[in-house]
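**Student:** coords please:
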Amino acid sequence: MRSCCIYYWDNGVGVKVDVQLIYECLIKQLNCDIFDFSYLNGDTEGYFSLYPNKKYDIGIFNQNFNIDLLHNNKINIYICNEEWLGLPDIENLQYFDYIIVKNNYAKEILKDLHKNIICLYFWSRDLYNSNYNNITDNKLLHFAGKSIQKNTECILNNEDIYIFDSTGRYSEVRSVNYISSFISDIKLKHIFNTCNTHICPSLYEAHGHYMYEALLCNKNVIASKIPVWEEQIDPDYINFVDTSLSDDESYEFVDKDNKHKFPCRKSFFVNQDCLNRNLYNTNNKPPRKFIEDLFIKNQRGFYDFFKSI
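**Tutor:** Reported below is the predicted structural model:
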């Protein structure tokens, strides 16, 4: 059986989730190791002193990479979220055998940067718990996350919406309903399964775990109509909010400095009137079965690609 190592830098949010999902998919066909090089603060000398003779058939770098680690592997693959590609990342894409993106919109953006850009749609954790089926309420919930791309600002003036703000970023703007530096898996599942409506007005996503996790919990989801979600989701299962592509440099996510640092970054601003109209619309089809089937297909495509190389 071939060997692989999944290298990543734990950022405290979605990267670690990605790595676990990749590991669970590929362990069926590869001897997989996982290495979080944030423990060494990116110090490759420390890595090589710990593992002086460790070599792999395949090296998978998720979101972050260190060029010094590439010679550990016969084949090097970089899985990226295109909105976080900085200039140094783009310059070093040439050293990878394959670049994997999570949507065709990204493939089009990056098509001139590498000869082997592969679109492999992703999947998310299943947080569904049927024990909560009879105790849901009508709360409107939004997870702010750590990035401004979650677009929490557009709903801050609506006091009907409960905001889970793990960083406290918005606590001075309004009285935020949830503020916590840590949330257990049990608490996370409770929130997902008991709040009936989840609001995801993101400016951009390469995949978007929160939105898919809510759909898997059979919840009503209000989300930005952005390319990656339009590519994957039948609109009968979600409340899409109209968006328009914007390069408004007064906004932090796409300001001039960030645009220079992240040249592949796009931003889709939501239509505020459309968002407000959709807040209390709950007439969608139950989405769980549709997303389950979609994720089985996505995992099979991911597995088949690694089997073929």
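**Student:** So what's the residue count around His71?
**Tutor:** By the criterion of other C-beta atoms under 10 Å, His71 has 11 neighbours. Heads up, the C-betas are built off the backbone N, CA and C, glycines and all.
**Student:** quick check, it in a strand?
**Tutor:** No - counting by DSSP: H, G, I helix; E, B strand; the rest coil, His71 is located in no strand; its state is helix.
**Student:** Mind checking what helix or strand follows the lowest-mean-pLDDT helix or strand in the chain in sequence?
**Tutor:** Every helix and strand in the chain was compared by mean pLDDT, DSSP states H and E; the lowest is helix 44-50, with a mean of 66. With elements assigned by DSSP states H and E, the helix or strand that comes after helix 44-50 is strand 56-62.
**Student:** okay, the angle between the helix or strand just after that following strand and strand 56-62?
**Tutor:** The C-terminal neighbour of strand 56-62 among helices and strands, as given by DSSP H and E, is strand 73-79. Using axes from the mean of the first three to the mean of the last three C-alpha atoms, to 10 degrees, the direction of strand 73-79 lies 20 degrees away from that of strand 56-62.
**Student:** Check which helices and strands strand 73-79 sits against.
**Tutor:** In this structure, strand 73-79 packs against strand 56-62, strand 98-101, with contacts taken as 3 or more C-beta pairs under 8 Å, 6 or more residues apart in numbering; DSSP states H and E.
**Student:** Just the residues contacting the helix or strand just after it, thanks.
**Tutor:** Going down the chain from strand 73-79, the next helix or strand is helix 87-92, by DSSP H and E. Contacts of helix 87-92 from elsewhere in the structure, counted by C-beta atoms under 8 Å, 6 or more residues apart in numbering, are 65, 67, 80, 113, 260-261, 263-264.
**Student:** Which members of those are the farthest-apart pair?
**Tutor:** Ile67 and His260 (21.8 Å; C-beta to C-beta).
**Student:** give me the low-pLDDT residue ranges for the protein?
**Tutor:** Counting by pLDDT under 70, the chain contains low-confidence residues at 41-52, 134-136, 174-177, 180-181, 259.
**Student:** so what's Arg288 up against?
**Tutor:** 128, 215-218.
**Student:** Can you add distance to Cys195 and give these back as JSON lines?
**Tutor:** Shown next, in JSON lines, are those (distance: C-beta to C-beta, whole Å):
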{"residue": "Tyr128", "distance to Cys195": "13"}
{"residue": "Leu215", "distance to Cys195": "13"}
{"residue": "Leu216", "distance to Cys195": "14"}
{"residue": "Cys217", "distance to Cys195": "9"}
{"residue": "Asn218", "distance to Cys195": "12"}
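**Student:** Taking these, tell me the two that lie furthest apart.
**Tutor:** Maximum distance among these (C-beta to C-beta): 9.8 Å, for Tyr128 and Leu215.
**Student:** Which one's more surrounded, the two?
**Tutor:** Neighbour totals were compared for Tyr128 and Leu215, and Leu215 leads with 27 against 20 (other C-beta under 10 Å).
**Student:** Now do the contacts for the more buried one.
**Tutor:** Residues near Leu215 by C-beta under 8 Å, 6+ apart: 221, 233, 237-238, 287-288, 290-291.
**Student:** let's see it at 7 Å
**Tutor:** Listed by C-beta atoms under 7 Å, 6 or more residues apart in numbering, the contact partners of Leu215 are 221, 237-238, 287, 291.
**Student:** Of these, which is the nearest to Val15?
**Tutor:** Of the contacts of Leu215, the one sitting nearest to Val15 (C-beta to C-beta) turns out to be Ile291, at 21.7 Å.
**Student:** Check the secondary structure at that closest one for me.
**Tutor:** helix.
**Student:** Now list the buried members of the contacts of helix 87-92.
**Tutor:** Buried by 16 or more other C-beta atoms under 10 Å: 65, 80, 113, 264, out of the contacts of helix 87-92.
**Student:** gap between the last one and Ile27?
**Tutor:** Going back to what we said before, that points to Cys264. According to C-beta to C-beta, to the nearest Å, Cys264 stands 31 Å off from Ile27.
**Student:** do the third one as well
**Tutor:** In this view, Leu113 and Ile27 are 30 Å apart by C-beta to C-beta.
**Student:** Next: the first one.
**Tutor:** Distance check for Phe65 against Ile27: by C-beta to C-beta, it reads 22 Å.
**Student:** Then Tyr95?
**Tutor:** Counting by C-beta to C-beta, the gap from Tyr95 to Ile27 is 26 Å.
**Student:** can you check Arg288 too?
**Tutor:** Taking C-beta to C-beta, one finds Arg288 at 25 Å from Ile27.
**Student:** ok, residues contacting the host helix or strand of Lys16?
**Tutor:** Element membership for Lys16 (DSSP H and E) is helix 14-26. Residues outside helix 14-26 that contact it (C-beta under 7 Å, 6+ apart) are 4, 6, 8-10, 32, 34, 60, 62-63, 123, 125, 209, 299, 302-303, 306.
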